[in-house]
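Visitor: predicted coordinates and the sequence they were generated for:
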Amino acid sequence: MVPAVRSAWGPDPSSIPFSCWASDPVPNTLPPHHVYLDNLNIIQTPYDDDADFSKIITPYSADDLDTFLRNANLLDDYPELVFKIKHGFPLGPLDPIHATYAPPNLPSANEHEQAIKEYIDSELALGHFSGPFSQQELKSKIGPF
């Protein structure tokens, strides 16, 4: 038998360190409101053949999530979640970007240049980042940004 998990903050809800909470919060008994995009499909873009553009890295297993939602009878509550984990979360209709805007780094980037470089190098080594790319290389991969 698996032991019950205790709250990380202890048995008393008032010990939760969020000052914005009321001292006697009223529980929300309303079901969550979900906004879904009907008939999701993958829209082709000119950049789809570029492996860097279409790479989706996530710690989630979409297949395992699908199994979990089915076993918990929650698939009807989250009908598009597995699709979105596999293919990305659409932002909706956005105006096209016609020009690249690349402002200079903040001064703090210069102060912490070594830490930033180490972080980027570690993410590149793990395959979490693509690149590095020059501004022109990135523009050829994803268009203006």
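Guide: Received it, and whenever you're ready, just let me know what you need.
Visitor: got the CA positions of the lengthiest helix in the chain in CSV?
Guide: As assigned by DSSP state H, the longest helix anywhere in the chain is helix 113-126. Extracted C-alpha coordinates of helix 113-126, given in CSV (Å, rounded to 0.1, in the frame of the first residue of the first chain):
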residue,chain,number,x,y,z
GLU,A,113,28.3,36.7,-19.8
GLN,A,114,30.1,33.6,-18.5
ALA,A,115,27.1,32.2,-16.7
ILE,A,116,24.9,32.8,-19.8
LYS,A,117,27.5,31.1,-22.0
GLU,A,118,27.7,28.1,-19.7
TYR,A,119,23.9,27.8,-19.7
ILE,A,120,23.6,28.0,-23.5
ASP,A,121,26.5,25.5,-24.0
SER,A,122,24.8,23.0,-21.6
GLU,A,123,21.4,23.3,-23.4
LEU,A,124,23.1,22.9,-26.8
ALA,A,125,24.9,19.8,-25.5
LEU,A,126,21.6,18.4,-24.3
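Visitor: moving C-terminal of that helix, what's the next helix or strand?
Guide: helix 135-142 (DSSP states H and E).
Visitor: contacts for that next one?
Guide: Residues outside helix 135-142 that contact it (Cβ atoms under 8 Å, 6 or more residues apart in numbering): Y47, D50, D52, F53, T100, A102, G131, F133, F145. To be clear about C-beta, it is placed using only N, CA and C from the backbone, and glycine gets the same treatment.
Visitor: surely the third one touches S130?
Guide: Yes: using Cβ atoms under 8 Å, D52 makes contact with S130 at a distance of 4.0 Å.
Visitor: can you tell me the SS state at T58?
Guide: Secondary structure for T58, judged by DSSP: H, G, I helix; E, B strand; the rest coil, is coil.
Visitor: who's in contact with it?
Guide: I85.
Visitor: distance check, it against H87.
Guide: Separation of T58 from H87 (Cβ to Cβ, to the nearest Å) stands at 11 Å.
Visitor: picking up where we left off before, and the contacts of helix 135-142, which is closest to V82?
Guide: F53 (21.9 Å; Cβ to Cβ).
Visitor: contact partners for that closest one?
Guide: T45, Y47, K141, I142.
Visitor: how close does it sit to T67?
Guide: 29 Å.
Visitor: following element in sequence after the lowest-mean-pLDDT helix or strand in the chain, please.
Guide: Across the helices and strands of the chain, mean confidence by mean pLDDT, DSSP states H and E is lowest for helix 51-54: a mean of 76. Remark: after helix 51-54, the chain's next helix or strand is helix 62-71, criterion DSSP H and E.
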